[in-house]
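Visitor: Next comes the sequence, and after it the predicted model I'd like to discuss.
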Amino acid sequence: MLADIVEYLICPVCRADVRLDERTLRCAGGHAFDVARQGYVSLLVGSRPPGTADSAAMVAARAEFLDAGHYAPLAEAVAEAVREHTGAQNVPLKRESSTETNDGEELRAYRGARMEAGYGVGPAEGPVSDRDNVEGDRAVGRIVPVIVDAGAGTGHYLATALNAVNDGIGMAFDVSKHAVRRAARVHPRVGAFVADVWRPLPIRDGVADVVIDVFAPRNGPEFRRILRSDGAVVVVTPAKTHLSPLVEELGLLSVDEEKERRVARSMEGFAETGRRSIEFDMELGHGDIVQVVGMGPSAWHTDAADLDERIAEYISRNAMRKRHKVATHAAFQLSIFEPAPRSRPVP
């Protein structure tokens, strides 16, 4: 799906429009970025090291844990918030596209190559696909909602949101190439690229209907730049009681007291127009606990062998009480931020 988000991308070096030339993104200034065989492209440039990127092991743990459905209520809540802020966009108003006039043949050739290569897009002939619907909407000049997932990880939440939005397009980016490899294949309407949220994003001004930020760093000025004037940012952060009693029993990192203030500071230029708490209980076995710890910030500060021993001891104590799984509490805060001039204060 990279071909379907090219018109929203810009060169990370000179900020010019880019076009897809076979398996390379190019700008008029001559800067080129090769498309990886997994279907994503790295738009990370410069000599300064990026922020901490999730390792392959962390990404694998996250994929397994989320695919098991443990955070399904959270994914559904994010999808609901996205749907609420894209519902009025299916009107006959056409956005300008930097690829429609000159790049049609290249885009069609690239899409055909992806279908033949088995990227999950579907056959060239057969039932109408999500991508056919998107192209049909564009052909009649109808707006296609654009959802940007900042720090997308595996793209799990973006994929769930796209399933709830009619004909929306997803742009997933993360600083971890291991995560982006998975995000590139998570949904037929997702295009993925490597980028650092702390740097100027390689995305055009005012193209996003919604920006999703789930457990990721927040760059308020950049989010506001890429967002439409009537757009919204959906921010999810862990609440203080998240993953109790695992945090206490296993000595994991806890949510600091300044978390809410830091979120507010990072979203300068926005007003928080909505907030809700999402809490539910999970029954986790040994492997589930290893995954949920391994996919989060505690993975950077915990020795794997020591952690496994502590988990086994904790599970054993529960087994003595005839409980082979651990009751674990999940707690999140979901906030909606809108550009301040068009926002209303939280009631």
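Guide: Nice, I can see it.
Visitor: Contacts for stretch 296-315, please.
Guide: Stretch 296-315 has contacts (C-beta atoms under 8 Å, 6 or more residues apart in numbering) with 52, 55, 57-58, 61, 215, 249-253, 285-286, 289-290, 293-294, 324, 326. For the C-beta atoms, the positions are set from N, CA and C on the backbone; glycine is no exception.
Visitor: Now go through those and say which are in helices.
Guide: Per DSSP state H, helices hold the following members of the contacts of stretch 296-315: 57, 58, 61, 249, 250, 286, 289, 290, 293, 294.
Visitor: so which of the residues you listed would you say is closest to residue 273?
Guide: Using C-beta to C-beta, the shortest approach to residue 273 within the ones in helices among the contacts of stretch 296-315 belongs to residue 58, at 32.7 Å.
Visitor: Tell me which stretches of the stretch 51-200 of the chain form helices.
Guide: Residue ranges of the helices in the stretch 51-200 of the chain, as given by DSSP state H, counting those that start in this stretch, are 56-67, 72-84, 104-117, 130-139, 156-164, 177-183.
Visitor: Confidence-wise, which of these is weakest overall?
Guide: The minimum mean pLDDT among those belongs to helix 104-117 (a mean of 32).
Visitor: lowest-confidence helix or strand of the chain?
Guide: Lowest on mean pLDDT, DSSP states H and E among the helices and strands of the chain sits helix 104-117, with a mean of 32.
Visitor: how about the residue nearest the centre of the chain, what does it touch?
Guide: Geometric centre of the chain, nearest residue: residue 152, 2.5 Å, by C-alpha atoms, centre = their mean. Residue 152 makes contact with 158, 172, 173, 174, 179, 180, 183, 192, 212, 216, according to C-beta under 8 Å, 6+ apart.
Visitor: Excluding residues flanking it in the chain, which one is nearest the last one?
Guide: So that's residue 216. Counting by C-beta to C-beta, 6 or more residues apart in numbering, the nearest residue to residue 216 once its immediate chain neighbours are dropped is residue 151, at 2.5 Å.
Visitor: Closest one to residue 278 out of the contacts of residue 152, please.
Guide: Using C-beta to C-beta, residue 212 is the member of these that lies nearest residue 278, at 14.5 Å.
Visitor: helices or strands up against the strand or helix carrying that closest one?
Guide: Element membership for residue 212 (DSSP states H and E) is strand 208-214. For strand 208-214, the elements it packs on are helix 72-84, strand 146-150, helix 156-164, helix 220-226, strand 227-238, judged by 3 or more C-beta pairs under 8 Å, 6 or more residues apart in numbering; DSSP states H and E.
Visitor: Quick check: beta-bridge partners of residue 191?
Guide: residue 171 (DSSP bridges).
Visitor: How many neighbouring residues does the residue nearest to residue 216 have?
Guide: Neighbour count of residue 151, defined by other C-beta atoms under 10 Å: 23.
Visitor: do residue 54 as well
Guide: Residue 54: 23 neighbours (other C-beta under 10 Å).
Visitor: What separation is found between the N-terminal and C-terminal residues of stretch 191-203?
Guide: One end of stretch 191-203 to the other measures 12 Å (C-alpha to C-alpha, to the nearest Å).
Visitor: cool, and stretch 289-303?
Guide: Across stretch 289-303, first to last residue, C-alpha to C-alpha, it's 14 Å.
Visitor: avg pLDDT for that stretch?
Guide: Taken as a whole, stretch 289-303 has a mean pLDDT of 80.
Visitor: what distance separates it from the centre of its chain?
Guide: Centre-to-centre, stretch 289-303 and its host chain are 20 Å apart (C-alpha atoms, centre = their mean, to the nearest Å).
Visitor: likewise stretch 169-184?
Guide: On C-alpha atoms, centre = their mean, the centre of stretch 169-184 falls 7 Å from that of its chain.
Visitor: Next: stretch 161-168.
Guide: Counting by C-alpha atoms, centre = their mean, stretch 161-168 comes out at 14 Å from the chain centroid.
Visitor: Using CSV, write out every CA atom in that stretch.
Guide: Coordinates of each C-alpha in stretch 161-168 appear next as CSV, following Å, rounded to 0.1, in the frame of the first residue of the first chain:
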residue,chain,number,x,y,z
ALA,A,161,-9.3,1.6,13.2
LEU,A,162,-9.3,1.1,9.4
ASN,A,163,-11.7,-1.8,9.8
ALA,A,164,-14.1,0.7,11.4
VAL,A,165,-13.7,3.5,8.9
ASN,A,166,-15.1,3.3,5.4
ASP,A,167,-12.4,3.5,2.7
GLY,A,168,-9.8,5.2,5.0
